[in-house]
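Visitor: Just a sequence and a predicted model for now, questions to come.
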Amino acid sequence: MPLTVEDRLAIADLINRHGHLTDSGDLDALHELFVPDVIYDVTDLGGQVLTGLAAVREAALALGEANPVAHHVTNIVLTEAADGRVHAQSKGLGVKSDGTTGSVTYQDTVVRGDDGWRIAHRTVRARRVPLTP
């Protein structure tokens, strides 16, 4: 079934809420963004592949002051998959407490469940070199 305008808005809101929840430290609300067994791959940032909400929460807490003070998401592009999943690609900007910034690309697989749309898989790719895929 094709994505409706309402689906597209709900998925964009889902992706946008990530920054608000993490920046406010509301890590107990990660279930509003991700499925319980989410796969969250931050290997490109020097981390690891995290499995499950508890692992994502623990990794954020372990970073402590090294976490960005602000996450900004933009350029959300949604592509429907034949199995009902949605592939979402977006750009992220992170601002550190010292004012330095970094850019990433989020590659998400989004699924619809009983509680609405949730991210089932997220890969975070650092943007370090211009004009590269």
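Guide: Perfect, thanks for sending it. Keep in mind it's a predicted model, so treat the numbers as computed, not measured.
Visitor: next SSE after the helix or strand containing Ala54?
Guide: Counting by DSSP states H and E, the element that carries Ala54 is helix 53-63. Stepping forward along the backbone from helix 53-63, the first helix or strand reached (DSSP H and E) is strand 70-80.
Visitor: The helix holding Ala54 packs against which elements?
Guide: Helix 53-63 sits against strand 34-41, with contacts defined as 3 or more CB pairs under 8 Å, 6 or more residues apart in numbering; DSSP states H and E. For every residue, glycine as well, the C-beta is placed using N, CA and C.
Visitor: In terms of secondary structure, what does the following helix or strand past the strand it packs on contact?
Guide: Per DSSP H and E, the first helix or strand lying C-terminal to strand 34-41 is strand 49-51. On a contact count with 3+ CB pairs under 8 Å, 6+ apart, strand 49-51 meets strand 34-41.
Visitor: ok, and for the strand it packs on, which residues are buried?
Guide: If you call a residue buried by 16 or more other CB atoms under 10 Å, then strand 34-41 has these buried ones: Phe34, Val35, Val38, Ile39, Tyr40, Asp41.
Visitor: In those, find the pair that's most separated.
Guide: Largest separation among the buried residues of strand 34-41 by CB to CB: Val35 and Asp41, giving 14.6 Å.
Visitor: Against which helices or strands is the helix ranked longest in the chain packed?
Guide: What stands out as the longest helix in the chain, according to DSSP state H, is helix 5-23. Applying 3+ CB pairs under 8 Å, 6+ apart, we find helix 5-23 packed against strand 70-80, strand 86-95, strand 101-113, strand 116-127.
Visitor: can you tell me which of the ones you listed comes nearest to Glu58?
Guide: It is, among those and with distance given as CB to CB, strand 116-127, at 16.0 Å.
Visitor: okay, the angle between that closest one and strand 34-41?
Guide: 20 degrees (axes from the mean of the first three to the mean of the last three CA atoms, to 10 degrees).
Visitor: Keeping just the C-alphas, turn strand 116-127 into PDB.
Guide: Once non-C-alpha atoms are left out, strand 116-127 reads as follows in PDB (Å, rounded to 0.1, in the frame of the first residue of the first chain):
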ATOM      1  CA  GLY A 116       2.600   3.800  14.800                       C
ATOM      2  CA  TRP A 117       5.900   4.200  12.900                       C
ATOM      3  CA  ARG A 118       9.100   3.300  14.600                       C
ATOM      4  CA  ILE A 119      12.800   3.000  13.500                       C
ATOM      5  CA  ALA A 120      13.900  -0.700  13.300                       C
ATOM      6  CA  HIS A 121      17.400  -0.100  12.000                       C
ATOM      7  CA  ARG A 122      19.600   3.000  12.000                       C
ATOM      8  CA  THR A 123      23.000   3.400  10.500                       C
ATOM      9  CA  VAL A 124      24.900   6.600  11.200                       C
ATOM     10  CA  ARG A 125      27.500   7.500   8.600                       C
ATOM     11  CA  ALA A 126      29.900  10.400   9.300                       C
ATOM     12  CA  ARG A 127      30.400  13.000   6.600                       C
END
